[in-house]
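Engineer: Fold the following for me, if possible:
(one chain, ligands or ions: 3)
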Amino acid sequence: MHDDTLPQAGAAEAALREAALDYHRLPSRGKIAVTPTKALANQRDLSLAYSPGVAYPCLAIEADPNCAAEYTSRGNLVGVVTNGTAVLGLGDIGPLAAKPVMEGKGCLFKKFAGIDVFDIELNEKDPDKLVEHIAALEPTLGGINLEDIKAPECFYVERKLKERLSIPVFHDDQHGTAIISGAALLNALELVGKPIGAIKLVVSGAGAAAIACLDVMVGLGVKREHIYVIDSKGVIQSERADAAKLDESKQRYCQQTPARTLADAMHGADVFLGCSAAGVLKPEMVATMAARPVILALANPEPEIRPELVKQVRDDAIMATGRSDYPNQVNNVLCFPYIFRGALDCGATRITEEMKLACVREIAALAKAEISDEVAAAYAGQELHFGPEYIIPKPFDARLILRIAPAVAEAAAASGVATRPIKDLEAYRQSLSRFVYQTGLVMRPVFAAAKARKGRVIYAEGEDERALRAAQVVVDEGLARPILIGRPAVIAQRIARAGLRLEVGRDIELVNPEDDARYRECWEDYQRLMGREGVTPSMAKAALRRSHTLIGSMLLRRGDADALLCGLVGRFEQHLDHVRDVIGLREGAHCFATVNALLLDERTLFLADTFVNEEPSAEQLAEIAAMAVDELRRFGIPPKVAFVSHSMFGSSTRPSAKRMREAAKRFKALRPGVACDGEMHGDAALSEEIRRNFLPETTLSGEANLLLLPNLDAANILFNVLKMTGGHGVTVGPVLLGAAQPVHILTPSSTVRRVVNMTALAAAGAR
Ligand SMILES: NC(=O)C1=CN([C@@H]2O[C@H](COP(=O)(O)OP(=O)(O)OC[C@H]3O[C@@H](n4cnc5c(N)ncnc54)[C@H](OP(=O)(O)O)[C@@H]3O)[C@@H](O)[C@H]2O)C=CC1
Ligand SMILES: CC(=O)C(=O)O
Ligand SMILES: [Mg+2]
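Structural biologist: Ligands and ions are numbered 1, 2, ... in the order given. The predicted structure is shown next:
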């Protein structure tokens, strides 16, 4: 980690450390929690959940153990088990220090594939005892993901567990890494036009990950005699003093060669694979590689070499790391959530070679497949066409689960290990889309678009500590260039008090409302704009002194910024008045409106109109829905629109029911390609079953994600109630619809996180 050829750590590293520690500590400790899935609200629930009712599923399972998959959460529960002996590239830091990584794997299992995880850190180094402890967990778990257990013990532990248990056991560092690097190798070689049987492969590391990668690569066609492996003592070769005592896994790759060091072995290498330690590959070694080399530097968190160092000596290399901040992230996160999803769903008793190969095939093919709109949105501004900077899919590619899990389930059935083979794979594939658009992944496309544009975003309430803290995150993340309106001395004092690192000029721009060279031009422009609304020059001057939102709007209008955020203080309507006067409606829009997003645990819901139109007409509702649909697309979410009401498909003839019915009709005419139905009850909007019971030919499938409410009260009340009841749901909004330029009016209750999210949204909308 502290190699002098690595880029300087500096302030960015310090900021990352601080942000990572805060992320783990706040607002709750750690990253995961256990949540009940059944109601426990009254005496009856209690007698069903616990004594006496609980005895019935117990007895059913005693009579038929297969029932456990039916009556308990075991079938969706994976144990991420470690003893902390090879934690990332940090080494043997022990089981307690490994816990953040295991919780992290738990988060990824849950977010990417809906799988629950118990992270289990065992204080045990003896392989036999480790096997005993883990095997004893079989009744608890539907699968076991071994993690960060060092080689060679990990090989023994996994083999013994596989022999004993009838649930899938998968050592992620071996097989997850091997699957993804196998796919990356195939695709990279296709790009450089080298046949796999002819390549010289040099591998740094001979542990869990490296050996498993090698086994898969040999299976894919790499010749054993073309492989050179280096461990902490040098090249693994027959004349080494410890050659005879090497573990069997290393013996398999022992060479007869004069090469003794990594530098020796690298001469003429076509491919470098690193599963070892930070910074061991030096630029001068890369310089000696063959033409069009492939470098997979997978050590985490610091790779064997950074891409910028490779670039200094080669412009013909294909480069991948295990990190998310460079192109080509070769990381087992692309595999383990989905291989377990497929395995659990078909009741696989083990993970077979066929299942692993299905993963390699799907991952490799996905990088070459057409990009969907959603993936393009998630990675806006990045080149996602198969090529040197895109040899494997990205972790946020929604297609990973849709393609890998069914392929794994199919392979499990073909290799005879599926106890519940999936009969209708297409229906299964469809059902997997429920995992795709979940909390946490939702802001991703917006952040990507913001980063690509790096717009200048004005914070009207630049003195507010939330704006300052948000600006710090925005600068650190490279989401936008903040422009803060406020008195410089006050801002400087508050930056210092909050311990922020913002520097005027370098990170942020200031607009001093008491002294800005543009003041005269701004008030003159404003007066010209509002002259026929009774605004005199002295009123214009005073208004520009008084309202920071007005200043921000004028600067945005002049093109001195790309987007504006206001509303941290004061009433929504006051801010909207300025936006209406200065920015106005965008072409074709007839009204302003707002949509709020609720990122709940199980779903993301957008509600409109939460802040502007008190009793919108059917025509307005249809237009608001159309504008909100465009926002959903910005999140990469395919919109499903429901016009909700107290009425269900004509069950009421009250005016508001008729209005919602008419609105749905108008919306369908306006956006014929968008899934939509109405009017309907709120529960029907979220359940196709309820809808179909009323109207089999409903024009909406699955769950609606955009709800149009009949009036402001209903929308605002529903939003706030859901906000309070939806677990630790995050909200985004209000998103202002209809404005001619990107402006959003926040609310006084906004948190720093909301301000950051809204900054990204505003910057993403910047032209
Ligand atoms: N990107 C990804 O998806 C993944 C990346 N990894 C990374 O791979 C690395 C190894 O993990 P894992 O296999 O689980 O750990 P192991 O402890 O099982 O293996 C580590 C290996 O690295 C070797 N090694 C240590 N230092 C050096 C050195 N200076 N030069 C050459 N070899 C060295 C060790 O040698 P010796 O045998 O002599 O002790 C050992 O063979 C970690 O950095 C980890 O983060 C792992 C899994 C997935
Ligand atoms: C990614 C991973 O599992 C590791 O680096 O250990
Ligand atoms: Mg690992």
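Engineer: Within range of ligand 2, give me the residues from the chain.
Structural biologist: Residues of the chain found near ligand 2 (Cβ under 6 Å from any ligand atom) are 88, 148, 172-173, 300, 322, 331-332. C-beta coordinates here come from the backbone N, C-alpha and C atoms, glycine included.
Engineer: Can you convert these into a markdown table and add a column each for pLDDT?
Structural biologist: Shown next, in a markdown table, are the residues of the chain next to ligand 2 (pLDDT from 0 to 100):
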| residue | pLDDT |
| --- | --- |
| L88 | 93 |
| D148 | 97 |
| D172 | 95 |
| D173 | 95 |
| N300 | 93 |
| G322 | 95 |
| N331 | 93 |
| N332 | 93 |
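Engineer: Any chance of these in CSV with distance to I351 as columns?
Structural biologist: CSV is the format used below for the residues of the chain next to ligand 2 (distance: Cβ to Cβ, whole Å):
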residue, distance to I351
L88, 23
D148, 18
D172, 11
D173, 14
N300, 23
G322, 22
N331, 19
N332, 13
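Engineer: Just these: which are in strands?
Structural biologist: Counted as lying in strands by DSSP state E, out of the residues of the chain next to ligand 2, is not a single one.
Engineer: Identify, from these, the entry nearest to P293.
Structural biologist: If you rank the residues of the chain next to ligand 2 by distance to P293 using Cβ to Cβ, G322 comes first, at 18.3 Å.
Engineer: Contact residues of the stretch 151-300 of the chain facing ligand 1?
Structural biologist: Residues of the stretch 151-300 of the chain lying close to ligand 1 by Cβ under 6 Å from any ligand atom are 151, 173, 177, 204-210, 230-233, 275-277, 280, 298-300.
Engineer: 5 Å - rerun?
Structural biologist: Contacts of the stretch 151-300 of the chain with ligand 1, taken as Cβ under 5 Å from any ligand atom, map to 151, 173, 177, 204-209, 230-232, 275-277, 280, 298-300.
Engineer: Kindly identify which of the residues of the chain next to ligand 2 also come near ligand 3.
Structural biologist: Residues of the residues of the chain next to ligand 2 in contact with ligand 3 (Cβ under 5 Å from the ion): 148, 173.
Engineer: all strands in the stretch 401-550 of the chain, in order from the N-terminus.
Structural biologist: For the stretch 401-550 of the chain, the strands defined by DSSP state E, counting those that start in this stretch cover 456-459, 481-485, 509-511.
Engineer: and these, which is most packed in?
Structural biologist: For the strands of the stretch 401-550 of the chain, the largest average neighbour count (mean count of other Cβ atoms under 10 Å) is found in strand 456-459, namely a mean of 27.
Engineer: May I have that one exported as PDB, CA atoms only?
Structural biologist: In PDB, the C-alpha atoms belonging to strand 456-459 read as follows (Å, rounded to 0.1, in the frame of the first residue of the first chain):
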ATOM      1  CA  ARG A 456     -22.400  24.700 -12.400                       C
ATOM      2  CA  VAL A 457     -25.100  24.400  -9.800                       C
ATOM      3  CA  ILE A 458     -26.100  27.500  -7.700                       C
ATOM      4  CA  TYR A 459     -27.200  27.000  -4.100                       C
END
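Engineer: Other residues contacting it?
Structural biologist: Here strand 456-459 makes contact (Cβ atoms under 8 Å, 6 or more residues apart in numbering) with 467, 470-471, 474, 480-485, 509, 511, 552, 555-556, 560-566, 755, 759, 762-763, 766.
Engineer: and ligand 3, which of the strands of the stretch 401-550 of the chain is closest to it?
Structural biologist: strand 481-485 (36.9 Å; Cβ to the ion).
Engineer: strands paired with the closest one, and their directions?
Structural biologist: Strand 481-485 pairs in its sheet with strand 456-459 (parallel), strand 509-511 (parallel), by DSSP bridges.
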